[in-house]
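Student: for reference, the sequence and a predicted model appear below.
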Amino acid sequence: MLARNGRKVLNFVYFLFALGVGVWGAGIGVFLSADDASVAAIAVKSYYIAPLLITSSLLVFGYLFPNRTKVPPPLRLVACIAPLPFIILILLGSSFLVTDITISAANTVVLDIPTYTLYAIYIIAAFMVVIYLLAKAVKRSKGIGHQQAKLFLVGILFSAVAGLYFNLILPWLSNYALIWIGPLMTTAFLIASGISIVRHRMFDITPLVARSLAYTLALVVSVVAYGLVFYGVIWILFGKQLEEVLYVIVALSGVVGGLLLQAFKRYFDAFTDRVFFRKSYKEREVIDSLNQLLITNVQLDDLLRSTARLLERTFQAEYCAVGVIDVANDGYIVHSSDGRSFSKMAIDRLRKLTVRTRKLSIVTDDLDESRNIALATILSENKVALLARLTENHRKVSEGVGYIALGPRKSGNGYSSQDVALMDTIAKELVVGIQSALRLKQIEQFNETLKQRIDSATRELRESNEKLKAIDSSKDDFISMASHQLRTPLTSVKGYLSMVLEGDAGKVPESQRKMLEQAFTSSQRMTYLISDLLNLSRLKTGKFVILPSQVNLAHVVEQEVNQLRRMAEANTIELVVNLPDSLPELELDETKMRQVIMNLIDNAIYYTPAKGTITVELRETVSSVEFTVTDTGIGVPKAEQHKLFSRFYRASNAKKSRPDGTGLGLFMAKKAVAAQGGAIIFRSTEGQGSTFGFSFPKKRH
């Protein structure tokens, strides 16, 4: 008991009890065989002090057994203080209890009746309290603890009755002839304890007892075999004549005996394993099997289910359930080897009660009911014999990821410290695997949720796109309709203004001419804007068609410049035109190119301040024809240049200079040029001016 756990109060008081019984029996044996009065006197003192040690230790043991851990102060006082006066008086008093000792064939003593009566009353009263406490322990305990307490009570009761009668009452009547029977009757307690150790693993010293018994049996059999060989061989073969051969035979038989000892020990190890560890397991194999499960089962449900089956087989339990707290869904994931389930209320109560136990594995029968009555009750109601917490640090008052619940063993045996140690190891290993499986499940759930959200967002986006397409289509239809409707009256206005300016209706005064020219310029700009809107609508509907023909680009540029020269002069802008004498004709859509050229020159006039200069140049290179319009206007900010040819985009400084632009001219110019195989030319420095234009290869495929 001390080797197992000497710091545990229950183990220590049992050691004191066993020590008291040993001193008591030895004292009686020495007294009965003593032939010296002084030796007999020492023996008498020892066997009268020993019962005080026995009763004190049994008082504490009876209260604690099987699963209490603390002794109340009143009982501690009675057990420790009450016997002290008797012990002191027996040790120091020469005539306390015993007045005389007779050494003869049958040693006897003469008692001091008054003090002996007081001593006897104390011993009898103490044993009655012990029997009462053990009876309460039997009634209080459950399961394997109940079986242990019952056997312990039977053994103590039988041994105590015999001891009180033969060693207390008969000496009181001056009969010392039968005091040897008392120690002999303690075999009843030994038998009861042996049954409890073998069948119910009392005190958890089964491994020690099994290995000690195996070693003892192996040693006894080896010694007997060695003796038989040694004496038999010498007697039969050599008799007493050949003493010189004795040393050789001793040496050889010693070797044989040493070899046989290990063989016998292995045999008795197996034999004691069958007796003490029926349906046992090998810890290394269990851990290896668990590690294999952790490797092969990445899904949480598969891991919990496989672990529950493994632990049920390992511990031969009625069932095994492994549960994990599902934080995301405010619930639990539980897999049981027999399909049983636990109520949410029971699990919630267990979670609150177990976090303060500071234990990794909890054996229901070992719980101190005075301190853990609620936990013991809920475990018993759900037939949980062993509960293991799946937590990384059980010493902290915090909850782990889940629990392992084992039902009672099918054999009726309880769970030993060996089982608890293995379960602690399993719980620590399993925590890591479960955490990995939980992370994988969270990732899968996140992926599924993300997929659902993406699908939902995609549906919403698709629906929005359909609506936008419908709105855009309606807008395009409206722009197309409005543009066509505006084009006819605008053409008429522009035509009549041109006729008036040319004098078809008579001479126009100079003051009126400027106004009419401004009106003509605005109507021209409006015509180009309507053309841009129509082209934009055609571009989106796929009706933007290029109609190529042989075009003299120099003539087209000259005509467009002449139309815009009046506007440049009105804004006091110098318009310089550089055209080549000859230029090869190109296959272009003349209408669309006129609009592009007009847009580029018109923009230059629009964004060049008064007294500025615009240079329109058409030139021929080795491989291409290039058209550029260079102005000294406001330029384009460098950070915004990459957006300039986007639909409806206008640079920030352009918006401040002229708020009434549309941002369609450059967009449509780039589309028209690119559609005919050309490339846009663009260079600009903010505040210094810009160059816009296009180039076409001479030979296009």
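Tutor: Sure, I can see it.
Student: contacts, neighbours, all on C-alpha from now
Tutor: Fine.
Student: tell me what the longest helix anywhere in the chain is packed against?
Tutor: Counting residues, the longest helix found in the chain (DSSP state H) is helix 417-501. Applying 3 or more CA pairs under 8 Å, 6 or more residues apart in numbering; DSSP states H and E, we find helix 417-501 packed against helix 283-296, helix 300-315, strand 361-363, strand 386-390, helix 510-541.
Student: now the first one: buried residues?
Tutor: Residues of helix 283-296 classed as buried: Glu283, Val286, Leu290, Leu293, Leu294 (neighbour count, 16 or more other CA atoms under 10 Å).
Student: what mean pLDDT does it get?
Tutor: The average pLDDT within helix 283-296 is 86.
Student: can you give me the offset of that helix from its chain's centre?
Tutor: Distance of helix 283-296 from its chain centroid, counting by CA atoms, centre = their mean, to the nearest Å, is 19 Å.
Student: same question, the second one
Tutor: The offset between the C-alpha centroid of helix 300-315 and the centroid of the whole chain comes to 18 Å, using CA atoms, centre = their mean.
Student: number the chain from 871, please
Tutor: Let's use 871 as the start, then, which means that last one is helix 1170-1185.
Student: what angle sits between it and helix 1287-1371?
Tutor: 180 degrees (axes from the mean of the first three to the mean of the last three CA atoms, to 10 degrees).
Student: helix 1170-1185 - what's its average pLDDT?
Tutor: For helix 1170-1185, mean pLDDT rounds to 88.
Student: enumerate the positions of that helix that are buried.
Tutor: Buried positions in helix 1170-1185, judged by neighbour count with 16+ other CA under 10 Å: 1170-1171, 1173-1185.
Student: do stretch 902-920 as well
Tutor: Leu902, Ala904, Ala910, Ala911, Ala913, Val914, Lys915, Ser916, Tyr917, Tyr918, Ile919, Ala920.
Student: and the fourth one, its phi and psi?
Tutor: It stands for Ala911. phi -60, psi -40 (degrees, to the nearest 10).
Student: contacting residues for it?
Tutor: Residues near Ala911 by CA atoms under 8 Å, 6 or more residues apart in numbering: Phe901, Ile971.
Student: which non-adjacent residue is nearest Val1506?
Tutor: Glu1556 (4.9 Å; CA to CA, 6 or more residues apart in numbering).
Student: nearest to Arg1241, of the buried residues of helix 1153-1166?
Tutor: Here the nearest of these to Arg1241, counting by CA to CA, is Glu1153; it sits at 32.3 Å.
Student: my read: the closest one touches Leu1292, true?
Tutor: Yes - using CA atoms under 8 Å, Glu1153 is in contact with Leu1292, at 6.9 Å.
Student: remind me which residues of the stretch 921-1070 of the chain are low pLDDT?
Tutor: 937, 1012-1015, 1067-1070 (pLDDT under 70).
Student: using CSV, write down the CA coordinates of stretch 1527-1543.
Tutor: C-alpha atoms of stretch 1527-1543 as CSV (Å, rounded to 0.1, in the frame of the first residue of the first chain):
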residue,chain,number,x,y,z
SER,A,1527,-12.4,74.0,-68.0
ARG,A,1528,-15.6,72.9,-70.0
PRO,A,1529,-18.3,71.2,-67.9
ASP,A,1530,-20.5,70.4,-70.9
GLY,A,1531,-18.5,67.6,-72.5
THR,A,1532,-19.7,64.0,-72.9
GLY,A,1533,-16.5,61.9,-72.9
LEU,A,1534,-17.6,60.0,-76.0
GLY,A,1535,-15.5,61.7,-78.8
LEU,A,1536,-12.2,60.0,-77.9
PHE,A,1537,-13.8,56.7,-77.1
MET,A,1538,-15.6,56.5,-80.5
ALA,A,1539,-12.5,57.8,-82.3
LYS,A,1540,-10.4,54.9,-80.9
LYS,A,1541,-13.1,52.4,-81.7
ALA,A,1542,-13.4,53.6,-85.3
VAL,A,1543,-9.7,53.7,-85.9
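Student: quick one: average confidence on it?
Tutor: 81.
Student: quick one: that stretch to chain centroid distance?
Tutor: 61 Å.
Student: for Tyr989, which residues are in contact?
Tutor: Phe956.
Student: just to be sure, it is in a strand?
Tutor: No - counting by DSSP: H, G, I helix; E, B strand; the rest coil, one finds Tyr989 to be helix, located in no strand.
Student: one step back: for Asp970, which of the helices and strands packed on helix 1287-1371 is the nearest?
Tutor: Between Asp970 and the helices and strands packed on helix 1287-1371, the tightest spacing by CA to CA is seen for strand 1231-1233, at 54.7 Å.
Student: what packs against that closest one?
Tutor: Strand 1231-1233 sits against strand 1256-1260, helix 1287-1371, with contacts defined as 3+ CA pairs under 8 Å, 6+ apart.
Student: try 6 Å
Tutor: With contacts taken as 3 or more CA pairs under 6 Å, 6 or more residues apart in numbering; DSSP states H and E, strand 1231-1233 sits against strand 1256-1260.
Student: buried sites along the host helix or strand of Lys1525?
Tutor: In this structure, Lys1525 sits in helix 1522-1527 according to DSSP states H and E. For helix 1522-1527, the neighbour count (16+ other CA under 10 Å) marks Asn1523, Ala1524 as buried.
Student: chain center to that helix, what's the gap?
Tutor: Remark: helix 1522-1527 is offset 60 Å from the chain centroid, using CA atoms, centre = their mean.
Student: mind checking what helix or strand follows it in sequence?
Tutor: Taking DSSP H and E, what comes next after helix 1522-1527 is helix 1535-1545.
Student: circling back to that earlier point, I'd like the buried residues of helix 1153-1166 as CSV, with distance to Leu1023 appended.
Tutor: As requested, these are exported to CSV (distance: CA to CA, whole Å):
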residue, distance to Leu1023
Glu1153, 34
Val1156, 37
Leu1160, 41
Leu1163, 45
Leu1164, 46
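Student: nearest to Leu928 among these?
Tutor: Glu1153 (36.1 Å).
Student: Ala1191 in helix, strand or coil?
Tutor: Classified using three-state DSSP, Ala1191 is strand.
Student: touching, it and Ile1203? I think so.
Tutor: No - the pair Ala1191 / Ile1203 is not scored as a contact, 10.3 Å apart, by CA atoms under 6 Å.
Student: between those two, which has more neighbouring residues?
Tutor: Neighbour comparison, Ala1191 and Ile1203: the larger count goes to Ala1191, with 27 against 14 (by other CA atoms under 10 Å).
Student: how close does that one sit to Ala1275?
Tutor: According to CA to CA, to the nearest Å, Ala1191 and Ala1275 sit 5 Å apart.
Student: how about the most centrally placed residue in the chain, nearest residue that isn't a chain neighbour?
Tutor: The chain has Gln1305 as the residue nearest its centroid, 2.7 Å off, counting by CA atoms, centre = their mean. Take Gln1305 and drop its neighbours on the chain: the residue closest to it by CA to CA, 6+ apart is Val1271, 7.6 Å away.
Student: and the one you found, backbone torsions?
Tutor: phi -90, psi -20.
Student: who touches it in this structure?
Tutor: Val1194, Ile1195, Leu1260 (CA atoms under 6 Å, 6 or more residues apart in numbering).
Student: min pLDDT across those residues, which one?
Tutor: Ile1195 (83).
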